[in-house]
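Engineer: here is a sequence together with a model predicted from it:
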Amino acid sequence: MKKFLALILALVMALSLVACGNDAPPADDGAADDGAAAPAVKVGFICLHDENSTYDLNFLNGAKEAIANLGLTEADYIIKTNIPEGQECYEAAMDLVDAGCNIIFANSFGHEPYMLQAAQEVPEVEFCHSTGTLAHTADVPNYHNAFASIYEGRFLAGVAAGMKLNEMIESGKITADQAKMGYVGAFTYAEVVSGYSSFYLGAKSVCPSVTMDVTFTGSWYDEALEKEGAQKLIDGKCVLISQHADSLGAPTACENAGVPNVSYNGSTQAAGPNTYIISSRINWAPYYEFAINAVKNGEAIPADWTGTLGTGSVVLTDVNESVAAPGTAEKLAEVQAALEAGTLHVYDCSTFTVKGENLTSYMADVDTDEAYTPDTEVVENGVFYESKFRSAPYFDLEIDGITRLDVAF
């Protein structure tokens with residue numbers, strides 16, 4: 001009987017160990033403890049438009065490049081397109097939170113208040129907003145802005161434009177005083193003003209007689225208005241067109257009229273094979289990779305991040321040699337090297353005037369408020385330092401040589 005009871009007791013103990021096996025500590029196999037596993041990452045992207053917008057296509061390409069470089073799968077990210085600059089952005093961000101995203105990017109200026117609202121409500125998720133201005137003063141630890149020194153890319157694209165103008169002058173197609181460019185802008189925001197001013201200064205650095213007319217559409221993406229704006233500039237005797245608007249409207253107008261075009265956010269050569277010269281763009285992949293890796297590694301993301309030529313964030317497309325002036329690629333390499341070395345500055349105050357005067361001081365609206373109050377001195381040693389005191393542009397001066405045809409937007 002005692003042997004029988006002992007056998008029953010042994011069976012009970014064995015069954016107890018099996019039942020509790022999932023709670024028992026793992027056996028020590030002598031392996032080294034490498035520390036806690038890196039946090040899982042799921043990424044959300046919010047875009048104003050879709051791939052039909054050159055602006056959004058550039059972001060989408062950057063997102064896909066970063067995803068591929070990081071080895072993420074389709075299960076690790078969600079992309080939302082055609083999200084307006086309104087409450088829809090907040091709703092999209094919260095949908096991405098509910099879907100398990102722990103880092104969310106948005107790509108348009110007007111998305112900012114809604115991204116900031118979401119960040120304040122969900123502190124455990126990182127919210128990264130491109131082109132915004134509020135992160136460095138909002139003091140919300142999980143809200144971040146990013147931009148790039150694209151004014152340097154615009155300057156380089158302007159050099160290519162200026163060389164084309166010189167070729168047209170030398171061939172007798174135009175005279176020096178007819179070297180007038182046109183520019184189709186979306187709004188009169190500093191981002192657009194900085195872009196067309198740096199483009200103009202790049203052209204002026206090689207073609208001193210250049211002038212430029214600028215028209216605005218009041219929309220980031222409206223193909224009909226952009227085409228109409230470009231045609232208005234062409235009818236106004238502009239012999240080369242560029243733009244900061246996001247459709248193929250302006251490049252198409254240029255191709256139809258046989259007028260050289262410098263685009264933005266990516267090559268439009270397919271739409272303008274006989275007129276397209278070059279494009280500058282921000283490459284967002286380096287920032288996306290940096291921020292996503294920060295989440296994976298449990299590291300902080302800066303409130304305000306500025307990409308540069310050196311980080312691979314400011315890039316030019318290949319020169320269309322069949323349209324560009326001879327020697328353009330070589331000249332661009334020379335100018336880019338000087339920009340990277342700091343021996344050349346886009347906004348060297350000796351290279352432009354405002355109402356006939358050289359700039360010696362300027363208080364810019366860096367810490368943006370509702371009244372856009374100037375608050376920061378941005379001229380140092382004769383240079384207006386763009387994107388130094390925050391990532392988003394704040395160059396909003398009306399420099400001589402540029403005529404704004406309308407300021408309704």
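Structural biologist: Received, thanks.
Engineer: hey, where'd the strands end up in the stretch 51-200 of the chain?
Structural biologist: Remark: strands assigned in the stretch 51-200 of the chain by DSSP state E, counting those that start in this stretch are 77-80, 103-106, 126-130, 143-148, 180-185.
Engineer: what is the last one packed up against?
Structural biologist: With contacts defined as 3 or more CB pairs under 8 Å, 6 or more residues apart in numbering; DSSP states H and E, the secondary structure elements packing on strand 180-185 are helix 190-204, strand 211-216, helix 223-235, strand 240-244. C-beta here means a position set from N, CA and C on the backbone, and glycine is covered the same way.
Engineer: now do the buried residues in stretch 153-169.
Structural biologist: Of the residues in stretch 153-169, 153-169 count as buried by neighbour count, 16 or more other CB atoms under 10 Å.
Engineer: check the offset of the longest helix belonging to the chain from the chain's centre.
Structural biologist: As assigned by DSSP state H, the longest helix anywhere in the chain is helix 150-170. On the basis of CA atoms, centre = their mean, to the nearest Å, helix 150-170 sits 21 Å off its chain's mean C-alpha point.
Engineer: okay, that helix in PDB with CA atoms only?
Structural biologist: Coordinates of the C-alpha atoms in helix 150-170 are reproduced here as PDB (Å, rounded to 0.1, in the frame of the first residue of the first chain):
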ATOM      1  CA  ILE A 150      16.900  72.500 -50.300                       C
ATOM      2  CA  TYR A 151      17.700  76.200 -51.000                       C
ATOM      3  CA  GLU A 152      21.100  74.900 -51.900                       C
ATOM      4  CA  GLY A 153      19.600  72.400 -54.400                       C
ATOM      5  CA  ARG A 154      17.500  75.200 -55.800                       C
ATOM      6  CA  PHE A 155      20.600  77.400 -56.200                       C
ATOM      7  CA  LEU A 156      22.300  74.600 -58.100                       C
ATOM      8  CA  ALA A 157      19.300  74.100 -60.400                       C
ATOM      9  CA  GLY A 158      19.400  77.900 -60.900                       C
ATOM     10  CA  VAL A 159      23.000  77.600 -62.000                       C
ATOM     11  CA  ALA A 160      21.900  75.100 -64.700                       C
ATOM     12  CA  ALA A 161      19.200  77.600 -65.700                       C
ATOM     13  CA  GLY A 162      21.700  80.500 -65.900                       C
ATOM     14  CA  MET A 163      24.000  78.400 -68.100                       C
ATOM     15  CA  LYS A 164      21.100  77.700 -70.500                       C
ATOM     16  CA  LEU A 165      20.300  81.400 -70.600                       C
ATOM     17  CA  ASN A 166      23.900  82.100 -71.500                       C
ATOM     18  CA  GLU A 167      23.800  79.600 -74.300                       C
ATOM     19  CA  MET A 168      20.600  81.300 -75.700                       C
ATOM     20  CA  ILE A 169      22.400  84.700 -75.500                       C
ATOM     21  CA  GLU A 170      25.500  83.400 -77.200                       C
END
